[in-house]
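**Student:** Kindly generate the corresponding structure for this input.
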Amino acid sequence: MISSDFSFIIPVYNRPEEVRELLESFCALDAPKTFEIVIVEDGSSLDSRLITEHFSNQLNISYFYKNNTGPGHSRNYGMERAKGNYFIILDSDCILPKQYLTEVMSFLNSSYVDCFGGPDAAQDNFTELQKAINFSMTSEWTTGGIRGGKKEIEGYEPRSFNMGISKEAFCASGGFGNIHPGEDPDLSIRLKAMGYKLCLIPQAFVYHKRRLSFERFFVQVYKFGQVRPILNKWHPHTKKITYWFPTIFMFGLIFSLILFLMGIKFGLYSYGLYFIIALVLAFKSTLDIIATILTIPAILIQFSGYGWGFLKAKIKLICSRKPEMELFPNLFFKTS
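**Tutor:** Numbering: from 1, shown residues only. Presented below is the predicted three-dimensional model:
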């Protein structure tokens, strides 16, 4: 495996400044600049063409503009046109540390797999809110372990913000489906079923900026919750009791508050202990007082959004015989 075999696939929608920051991080990589970067503009009204042209003398960039069909189809579109035989998929709001590609190459040269995922992390210059949301999304004390904990090197389900897949595996699987979010675990599950080996490369992390407000964060995790029962229906063998945890957590919190008003305090004290431990872990992770305080509303939003979305979707699927695309039209993109 050599660097010229790699094509980076980056779908973009109205994020030119993110593209600039990402391309700047490509320029700082300590690996040879012989890789290809494929940027797929997904029907943006604010495109990044001028940004990519600015970096064209430093990087090998292929730029495509197409109608809006969603990130999954856009990644497929880019991989179909890429020149490499191993694709690395990134979100536009990621920044690469300088050793990223060196770590990927080293791992694949010693332990080749047809699909890998890498973790995400927060940079010191991220806002307090970004650090808080990053902690709530990645910590195994919250829901980070549900999507495949960092200790599960071979049981990991790669996520498309930082994911590698061989051209062979892409062609055999057909790539991403038109569900969003959820297109990445769906692809991971299908690849496993086809016999391909997937894993986590812990050293291949990216800085994930997650430009979110608490309101947008709630919408995002609500959709994550909606998607999981659909994936469980499509792939019954992937069902886990842990997917119910956010729903149980929130109903337990409500029940504990009711009991507290009745003079029974043990339940609420247990939740208090949980949040105290979360604060300690958050401060250890962020070393930022404000970010640490913001992790409490971030965790509550994450659990309530995911839990409510999961429960509603589960009830809908049980009570209706309609196809998923009719029940949840906001979760599916039309690709034609």
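
**Student:** contacts, neighbours, all on C-alpha from now
**Tutor:** Will do.

**Student:** buried ones in stretch 207-222?
**Tutor:** By 16 or more other CA atoms under 10 Å, the buried positions in stretch 207-222 come out as 207-210, 217-222.

**Student:** Report the mean confidence score over it.
**Tutor:** The predicted model gives stretch 207-222 an average pLDDT of 89.

**Student:** And for stretch 130-142?
**Tutor:** For stretch 130-142, mean pLDDT is 90.

**Student:** Helices along this protein, start to end?
**Tutor:** Assigned by DSSP state H, the helices in the chain fall at 16-27, 49-54, 71-81, 100-110, 128-138, 167-173, 183-193, 214-234, 245-261, 266-286, 289-319, 324-327.

**Student:** for these, which one sits closest to Gly118?
**Tutor:** helix 100-110 (9.2 Å; CA to CA).

**Student:** what angle do the closest one and helix 16-27 make?
**Tutor:** 60 degrees (axes from the mean of the first three to the mean of the last three CA atoms, to 10 degrees).

**Student:** Report the distance from helix 100-110 to the chain centre.
**Tutor:** 21 Å (CA atoms, centre = their mean, to the nearest Å).

**Student:** now do stretch 7-17
**Tutor:** That offset, for stretch 7-17, works out to 15 Å (CA atoms, centre = their mean).

**Student:** From the opening residue of it to its closing one, how far?
**Tutor:** End-to-end distance of stretch 7-17 (CA to CA, to the nearest Å): 21 Å.

**Student:** Buried ones in it, by neighbour count?
**Tutor:** The neighbour-count check on stretch 7-17 (16+ other CA under 10 Å) flags 7-16 as buried.

**Student:** do the same with stretch 255-265
**Tutor:** 256-257.

**Student:** do stretch 26-33 as well
**Tutor:** The neighbour-count check on stretch 26-33 (16+ other CA under 10 Å) flags 26-27, 29, 31 as buried.

**Student:** picking up where we left off before, for my notes, please list the buried residues of stretch 7-17 in a markdown table and give distance to Ala169 and pLDDT for each entry.
**Tutor:** Shown next, in a markdown table, are these (distance: CA to CA, whole Å; pLDDT from 0 to 100):
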| residue | distance to Ala169 | pLDDT |
| --- | --- | --- |
| Ser7 | 14 | 97 |
| Phe8 | 16 | 98 |
| Ile9 | 15 | 98 |
| Ile10 | 18 | 98 |
| Pro11 | 19 | 97 |
| Val12 | 23 | 97 |
| Tyr13 | 26 | 95 |
| Asn14 | 30 | 94 |
| Arg15 | 29 | 93 |
| Pro16 | 30 | 94 |
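
**Student:** what two of those are the furthest from one another?
**Tutor:** Ser7 and Asn14 (22.0 Å).

**Student:** what's around Ser48, how many residues?
**Tutor:** Counted with other CA atoms under 10 Å, the neighbours of Ser48 add up to 23.

**Student:** Spit out the contact partners of it.
**Tutor:** By CA atoms under 8 Å, 6 or more residues apart in numbering, the residues touching Ser48 are 14-17, 19, 41.

**Student:** What's the separation between it and Ser7?
**Tutor:** To Ser7, Ser48 is 19 Å away according to CA to CA.

**Student:** and if you look at Asn178?
**Tutor:** When distance is defined by CA to CA, Asn178 is 22 Å away from Ser7.

**Student:** what stretches of the protein score poorly on pLDDT?
**Tutor:** For the chain, applying pLDDT under 70 flags the ranges 1-4, 144-155, 211, 336.

**Student:** residue with max distance from the center of it?
**Tutor:** Residue farthest from the centre of the chain, counting by CA atoms, centre = their mean, is Gly263 at 41.9 Å.

**Student:** Could you check how far that residue is from Ile276?
**Tutor:** Gly263 sits 22 Å away from Ile276, going by CA to CA.

**Student:** now do Leu108
**Tutor:** 40 Å.

**Student:** Pick out whichever of the two has more residues nearby.
**Tutor:** Applying other CA under 10 Å to Leu108 and Ile276 shows that Leu108 carries more neighbours, namely 16 against 13.

**Student:** Give me whichever of the helices of the chain is most buried.
**Tutor:** Neighbour counts (mean count of other CA atoms under 10 Å) averaged over each of the helices of the chain peak at helix 128-138, with a mean of 24.

**Student:** by how many degrees do that helix and helix 214-234 diverge?
**Tutor:** Using the same axes, to 10 degrees: helix 128-138 against helix 214-234 is 20 degrees.
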